[in-house]
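Engineer: A predicted structure for the sequence below; I have some questions about it.
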Amino acid sequence: MTNKKATFFCRICGLNQHEYPWGEDNNSPTFGICACCGAEFGYHDYTLEGIKEHRKRWLSNNGKWSETKAMPPNWSLIEQMKNIPKEYM
């Protein structure tokens with residue numbers, strides 16, 4: 001990765017996880033769950049194909065949050081998705 005900070009973002013939806021979903025080495029998944037898209041790190045985002053498939057399902061549901069209580073006020077799907085590292089698009 002060119003930007004170490006990018007490793008904090010969900011590879012599927014771009015939500016800032018405030019911790020490394022794939023570990024500090026960006027190679028050791030935590031198997032935590034993204035509050036936004038519901039991805040399990042190391043499962044849904046293990047391959048680029050899996051990332052694209054989970055993102056497609058999530059977006060077909062209008063980007064609905066998995067944990068609605070965690071959704072910040074004034075949340076913007078478009079702005080959040082700008083955080084997705086380019087190699088996972």
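Structural biologist: Yep, it's here.
Engineer: name the nearest residue to the spatially most central residue of the chain, ignoring sequence neighbours.
Structural biologist: By CA atoms, centre = their mean, the chain has its centre lying nearest to residue 10, at 2.1 Å. Excluding the flanking residues, the one nearest residue 10 by CB to CB, 6 or more residues apart in numbering is residue 34, at 4.6 Å. C-betas here are computed from N, CA, C, even on glycine.
Engineer: against residue 13, how distant is that neighbour?
Structural biologist: 6 Å (CB to CB, to the nearest Å).
Engineer: now the helices: where do they sit in this protein?
Structural biologist: 48-60, 77-81 (DSSP state H).
Engineer: pipe these into CSV and attach distance to residue 40 and mean pLDDT per row.
Structural biologist: Shown next, in CSV, are the helices of the chain (distance: least, CB to CB, whole Å; pLDDT from 0 to 100):
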stretch, distance to residue 40, mean pLDDT
helix 48-60, 9, 98
helix 77-81, 19, 97
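Engineer: shaky segments in this structure?
Structural biologist: Within the chain, the segments meeting pLDDT under 70 span 1-6.
Engineer: which ones are touching the spatially closest residue to residue 45 that is not a sequence neighbour?
Structural biologist: Spatial nearest neighbour of residue 45, chain neighbours left out: residue 11 (4.4 Å); criterion: CB to CB, 6+ apart. For residue 11, the contact set (CB atoms under 8 Å, 6 or more residues apart in numbering) comprises 21, 39, 45, 51, 84-85, 88.
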